[in-house]
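Trainee: only the shape, not the letters, is given here:
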């Protein structure tokens, strides 16, 4: 075993599943067992890797799972049916029920707690969100209670995210004169139309307000109260993302992979210090990154997977690879989940050679953030608001004005700053002789770190001084000066 700080890496199991189909593989864990929903089978594993299988096509999407009163429930979606697999404490064969919704279902089911009532949410082809109460005392386990829907039945529900009585959903259509259109809507009837194909949404709280993060072909969309706060344009292709409290600085970060890089950006689009991580052997990352604090420093680690089966873990504070990683299966990871193994935070993965692995990666339960596809076993794609050990109370703190990287080697650097209120940013750059070199202007949202990119392709090597001035919406004006080294 390899131990470091509060973390321990230990292989718990390594087995094969010969009859696994590679066409559809989704993993979820209730903390009691790990489940793999496959094309024609449902596999259940205890935390030691002992596997049983049931011949059933449970779901066309990742199932939701939950542990209630010593019973584990899995909810799958297939055509118009909600399929429920029920495992009692010592059973190896589940009880199966099929509930006909009488509507074609189009996304992963979501479990939420609305007040004191557990509910299952299911989206449909004609824009309905079906709401079922979950009650294990009922013969059917679930019972329809209400329906939410859009006015335009040409839209189908692509994804749902929820926390308590709040939910957000993305609706898509290809039947629009403007081309592909998506609508992001919430249960407060606040919606926004986006001319893009939205592939994933998630939900968090930012400065006390529910905030929706939507991923489209053209970038990230940050939405709050039915208003598009910001669009973050991306340079490469991104298939999925995670959320996490990366720095314990009061902001959640969006974690995503693109090519051979792992990125971490805040909700203004500013890259986290010491990110992105670049895999120097050019192997691309694949799949959904996972996030949890398993080193015990109140800063999340990030787990990402390469096409050749290596599993990297990065320290959220330093951006460096955690000691003991990468670990490797030798083949591309098809599905993964972080789970609790008798009080120890652990990682399960299955690869394209049909091998199934489990590792203890921490000595305690750790703090989970984004631990499966769709965030967690409930599929609710929600991460609570980030915490801050040292909240910032000043308007324009000097300690938060810097550039990264510094020295600058590769064509550009990000000049970063924090303001406590919405501000205009003016940056004037001079060489050491006092000659003017460049001027940059930007807008910064209060309460977040923001950044302005300085491109140095036509700048000579040397030391430069950047005067960064912030003019707040209240009229406050402050400035700070930083040194930037350019090396060519």
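Mentor: Ah, there it is. Note that the structure is predicted; figures quoted are calculated from it, not measured.

Trainee: now do the SS call for residue 76.
Mentor: With DSSP: H, G, I helix; E, B strand; the rest coil as the basis, residue 76 sits in strand.

Trainee: do the same with residue 62
Mentor: coil.

Trainee: can you give me the strands in the stretch 301-450 of the chain?
Mentor: 301-306, 310-315, 327-328, 333-341, 344-351, 355-360, 367-370, 382-383, 402-404, 412-419, 423-431, 436-444, 448-455 (DSSP state E, counting those that start in this stretch).

Trainee: and these as CSV, adding mean pLDDT?
Mentor: Formatted as CSV, the strands of the stretch 301-450 of the chain follow (pLDDT from 0 to 100):
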stretch, mean pLDDT
strand 301-306, 98
strand 310-315, 96
strand 327-328, 94
strand 333-341, 96
strand 344-351, 96
strand 355-360, 96
strand 367-370, 97
strand 382-383, 98
strand 402-404, 93
strand 412-419, 95
strand 423-431, 97
strand 436-444, 96
strand 448-455, 94
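
Trainee: and stretch 160-170, average pLDDT?
Mentor: Stretch 160-170 comes out with an average pLDDT of 95.

Trainee: select, out of the strands of the stretch 301-450 of the chain, the one closest to residue 160.
Mentor: strand 382-383 (10.6 Å; Cβ to Cβ). The C-beta positions use only the backbone N, C-alpha and C, and glycine is treated the same way.

Trainee: pairing partners for the closest one, with directions?
Mentor: strand 198-206 (parallel) (DSSP bridges).

Trainee: and the contacts of the partner strand?
Mentor: Residues from elsewhere that reach strand 198-206, judged by Cβ atoms under 8 Å, 6 or more residues apart in numbering: 158-163, 166, 168-170, 172, 182, 184, 210-217, 221, 224, 239-241, 243, 251-252, 267, 375, 380-385.

Trainee: next, the angle from it to strand 448-455.
Mentor: Orientation check (axes from the mean of the first three to the mean of the last three Cα atoms, to 10 degrees): strand 198-206 against strand 448-455 gives 130 degrees.

Trainee: the next helix or strand after strand 198-206 pairs with which strands?
Mentor: The helix or strand immediately downstream of strand 198-206 is strand 209-216, counting by DSSP states H and E. Sheet partners assigned to strand 209-216 using DSSP bridges are listed as strand 198-206 (antiparallel), strand 219-224 (antiparallel).

Trainee: what are the contacting residues of stretch 275-289?
Mentor: 240-242, 255-265, 302-308, 310, 312, 314, 319, 321, 332-333, 336, 370, 373.

Trainee: try 6 Å
Mentor: Outside stretch 275-289, the residues within contact range by Cβ atoms under 6 Å, 6 or more residues apart in numbering are 240, 242, 255, 257, 259-264, 302, 304-308, 314, 319, 333, 373.

Trainee: repeat that for stretch 256-265.
Mentor: Contacts for stretch 256-265 (Cβ under 6 Å, 6+ apart): 236, 238, 241, 246, 253-255, 271-272, 275-279, 282, 284-285, 304.

Trainee: separation between residue 301 and residue 140?
Mentor: In this view, residue 301 and residue 140 are 41 Å apart by Cβ to Cβ, to the nearest Å.

Trainee: more neighbours, the two?
Mentor: residue 301 (29 against 13; other Cβ atoms under 10 Å).

Trainee: picking up where we left off before, just the buried residues from the contacts of stretch 275-289, in PyMOL please.
Mentor: Selecting only the buried entries of the contacts of stretch 275-289 in PyMOL, with 16 or more other Cβ atoms under 10 Å as the criterion:
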select buried, resi 240+242+255+257+259+260+261+262+263+264+302+304+305+306+307+314+319+333+373
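
Trainee: and the residue nearest to the spatial centre of the chain, what helix or strand is that in?
Mentor: A centroid search over the chain (Cα atoms, centre = their mean) returns residue 242, at 1.2 Å, as the residue closest to the centre. In the assignment (DSSP H and E), residue 242 maps to strand 241-244.

Trainee: return the list of helices and strands in contact with the helix or strand containing residue 467.
Mentor: Element membership of residue 467 [criterion: DSSP H and E] is strand 462-472. The contact analysis (3 or more Cβ pairs under 6 Å, 6 or more residues apart in numbering; DSSP states H and E) places strand 462-472 against strand 423-431, strand 477-486.

Trainee: give the pairing partners of that strand; include direction for each.
Mentor: Short version: by DSSP bridges, strand 462-472 pairs with strand 423-431 (antiparallel), strand 477-486 (antiparallel).

Trainee: can I get those strands in JSON lines including mean neighbour count and distance to residue 468?
Mentor: Converted to JSON lines, those look like this (neighbours: other Cβ atoms under 10 Å; distance: least, Cβ to Cβ, whole Å):
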{"stretch": "strand 423-431", "mean neighbour count": "18", "distance to residue 468": "5"}
{"stretch": "strand 477-486", "mean neighbour count": "16", "distance to residue 468": "5"}
